[in-house]
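K.L.:
Here is a sequence with its predicted model. Questions after.
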Amino acid sequence: MRISIIIPVFNEERSIAATLAGLQPLVPDELMVVDGGSTDRTREICESLGITLISSKRGRALQLNEGARTATGDILLFLHADTLLPDSALNDIRAAMANSECVGGRFDVKLDGDHWMLWVIGAMISLRSRLTKVATGDQAIFVRREIVEKIGGYLDIPLMEDIAFSRALKGMGKMACLRSRVITSARRWEMEGVWRTIWKMWTLKFLYLLGIPPARLKRYYSDAR
């Protein structure tokens with residue numbers, strides 16, 4: 001079972017080197033970095049590490065879909081540029097996907113940083129997705145290639161594309177909720193404040209589920225880099 005790792009990037013010079021370095025010991029079958037027009041040192045860093053970049057129009061959904069179209073693996077792993085996989089990640093995925101009923105899955109998550117609430121937030125995100133079988137992009141969603149093709153990939157929306165994608169996967173079959181944890185950046189929580197970010201995230205998700213268009217919600221969601 002070949003696994004392709006797809007990383008969308010846009011001005012990720014602060015985090016991409018550590019993410020790529022963390023992937024080297026895993027020896028992925030295929031690694032694809034999809035750049036949405038970075039103007040910082042992101043491309044330079046990737047090229048210095050021998051990573052071939054794919055160019056795409058900017059937009060996480062567009063970049064993920066471009067990576068999926070180009071990838072050759074049996075399993076596609078969508079990884080954020082500021083998220084580190086555990087050492088056991090690829091073996092864990094293969095073990096889970098040995099079950100033919102599984103269409104995809106996600107990892108538990110831990111937020112880096114020192115604030116005590118970050119541990120609680122990570123645990124709650126993991127628990128919520130275990131109960132609902134809906135994951136966020138920070139949890140390194142993985143899926144069978146043919147399932148991505150069947151659901152048409154990610155919706156081209158400016159926000160909540162990971163939630164929409166995960167909900168579509170849930171309707172296709174069993175989702176594996178891995179106990180091994182990815183470590184993702186807490187930079188948004190630290191920049192905007194933990195409690196304020198909790199309130200904003202839950203409010204945006206609630207409004208999205210009520211049917212508010214993601215384009216409107218995007219106005220209240222700033223990128224953290």
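P.N.:
Noted; the coordinates are in hand.
K.L.:
Where does pLDDT dip in this protein?
P.N.:
The model of the chain has pLDDT under 70 over residues 220-225.
K.L.:
just the strands in the chain please.
P.N.:
Using DSSP state E, the strands of the chain run over residues 3-9, 30-35, 53-55, 75-78, 83-84, 102-111, 142-144, 174-184.
K.L.:
report the angle between the axes of the last one and strand 102-111?
P.N.:
Right, the one you point to is strand 174-184. 30 degrees (axes from the mean of the first three to the mean of the last three Cα atoms, to 10 degrees).
K.L.:
Any chance you could list what contacts strand 174-184?
P.N.:
Strand 174-184 has contacts (Cβ atoms under 8 Å, 6 or more residues apart in numbering) with 80, 82-86, 88-89, 92-93, 96-97, 99, 101-112, 122, 126, 129-130, 133, 135, 138-140, 166, 169. All C-beta atoms are positioned from the backbone trio N, CA, C, and that covers glycine.
K.L.:
What subset of those residues is buried?
P.N.:
Among these, the ones that count as buried by 16 or more other Cβ atoms under 10 Å are 80, 82-86, 89, 92-93, 96-97, 102-112, 122, 126, 129-130, 133, 135, 138-140, 166, 169.
K.L.:
I'd say residue 141 and residue 135 touch.
P.N.:
Yes: between residue 141 and residue 135 there is a contact at 5.4 Å, judged by Cβ atoms under 8 Å.
K.L.:
so what's in contact with the two at the same time?
P.N.:
In contact with both residue 141 and residue 135: 106, 162, 166, using Cβ under 8 Å, 6+ apart.
K.L.:
so what's the second one up against?
P.N.:
Neighbouring residues of residue 162 by Cβ under 8 Å, 6+ apart: 135-137, 141, 154.
K.L.:
One more: the last one?
P.N.:
Contact analysis of residue 166 by Cβ under 8 Å, 6+ apart lists 106, 133-136, 141, 175.
K.L.:
what bridges to the nearest residue to residue 176 once chain neighbours are set aside?
P.N.:
Leaving aside its chain neighbours, residue 176 sits nearest to residue 105 (3.0 Å; criterion: Cβ to Cβ, 6 or more residues apart in numbering). Taking DSSP bridges, one finds residue 142, residue 176 as the beta-bridge partners of residue 105.
K.L.:
pretty sure residue 105 is touching residue 142, no?
P.N.:
Yes: counting by Cβ under 8 Å, residue 105 sits close enough to residue 142 to count as a contact (5.8 Å).
K.L.:
residues shared between the contacts of these two?
P.N.:
With Cβ under 8 Å, 6+ apart as the test, residue 105 and residue 142 both reach 93, 97.
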